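Got a predicted model here, sequence first, then my questions.
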Amino acid sequence: MEYEEFLGFVKSRRTIRAIKPDPLPAETVQKLLEVARWAPTGFNMQPAELIVVEDAELRQKIKIIVDDYKNSDFFALEATRESWQGSPWTPETHGRWDTPLAPVFIVVAGDTRRRVGLPMVARYCRQKGDSIFESSLANVFMYLWLGAHCLGLAAQPVSGVKYPKVQGLVKALLGLPDFLYVYDILLVGYSAMEEGPSAKLVRSLEEMVHYDRAEEGEFLSEEELRRQIVKLRAGNVARHAEAERGR
């Protein structure tokens, strides 16, 4: 793959929340899983376990667990947001979080027992071991996500599964053993978007890249940072509304 082709590929990737319920061919799902198998992991310990959930009843129950959290605890905490960021997100301003019933839910979990293979310094330094473990699962998750985009599919993460209540209920529902840690869930299916996604606001290289050293004067001032955060949050609201099209 040429660089320009690869750059265009990553620039076109978006989170798509409007997903059709139409089933995916088994060979398409297998292609996604094969891509994930080759993700780099810390010291090649390969901790990822992938649970492919296609059963309609199980997907519906996962949806209920996740949506219950997002439409209660999430918005309750948003109400405490600092006033300089503007009005907090509410169901009225941001819309209710409604997890789409995508045809495939891929649960990315990590087998914590595999940490025993890490270097001793990582085994005895909890922070170091956690960092390697999380990064390894993040790589697997991103490979899945990019694989879905490569296949022309819509994909949405369900990162709320990290919260204790959601994690515990999902693990119990799927009968997962205690040593498995659920990192995230990727919903995959065909896009229900009526149009292509809009442009994505990203920081410039000049702003975010530093060479050799990075002194305080090279960073945004507090005022500039706050203005940018407000702008990015406003863009998130617009993209969320856009992503709901086609449901």
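Yep, that arrived. Numbering: from 1, shown residues only.

so where is this protein shaky, pLDDT-wise?
Low-confidence segments of the chain, defined by pLDDT under 70: 94-95, 236-247.

In the chain, where's the longest strand?
Ranked by number of residues, the top strand in the chain under DSSP state E is strand 180-189.

and Asp212, helix, strand or coil?
Three-state assignment for Asp212 (DSSP: H, G, I helix; E, B strand; the rest coil): coil.

That one: how many residues sit nearby?
4 (other Cβ atoms under 10 Å). (Each C-beta comes from the backbone N, C-alpha and C, glycine too.)

Now the phi/psi pair for it, please.
Asp212 adopts backbone torsions of phi 70, psi -50, taken as degrees, to the nearest 10.

and the gap between it and Lys231?
From Asp212 across to Lys231, the span is 30 Å (Cβ to Cβ, to the nearest Å).

re the thing from before, now do whatever helix or strand comes next after the longest strand of the chain: distance to the chain's middle.
Using DSSP states H and E, the helix or strand that follows strand 180-189 in sequence is helix 205-208. From the chain centre to the centre of helix 205-208 is a distance of 24 Å (Cα atoms, centre = their mean, to the nearest Å).

Can you say which helix or strand has the residue lying closest to Gly129 once chain neighbours are set aside in it?
Excluding its sequence neighbours, the residue lying closest to Gly129 (Cβ to Cβ, 6 or more residues apart in numbering) is Ala122, at 4.5 Å. Secondary structure assignment for Ala122, by DSSP H and E: helix 120-124.

ok, and for that helix, which residues are buried?
The neighbour-count check on helix 120-124 (16 or more other Cβ atoms under 10 Å) flags Ala122 as buried.

max-length helix in this protein?
The residue-count maximum for a helix in the chain (DSSP state H) belongs to helix 126-150.

May I have the strands that pair with the helix or strand following it, each with its orientation?
Next helix or strand after helix 126-150 toward the C-terminus (DSSP H and E): strand 154-157. With DSSP bridges as the test, strand 154-157 is paired with strand 180-189 (antiparallel).

Identify each buried residue in the partner strand, please.
Residues of strand 180-189 classed as buried: 180-189 (neighbour count, 16+ other Cβ under 10 Å).

hmm, who's touching the longest helix of the chain?
By Cβ atoms under 8 Å, 6 or more residues apart in numbering, the surrounding residues in contact with helix 126-150 are 9-10, 12-13, 31-33, 35-36, 38-43, 45-48, 50, 106, 108-110, 112, 115, 118, 121-123, 154-155, 157, 181, 183-184, 186, 188.

Give me the buried subset of those residues.
Neighbour-count burial (16+ other Cβ under 10 Å) is assigned, among these, to 32, 35-36, 39, 41-42, 45-48, 50, 106, 108-110, 115, 118, 122, 154-155, 157, 181, 183-184, 186, 188.
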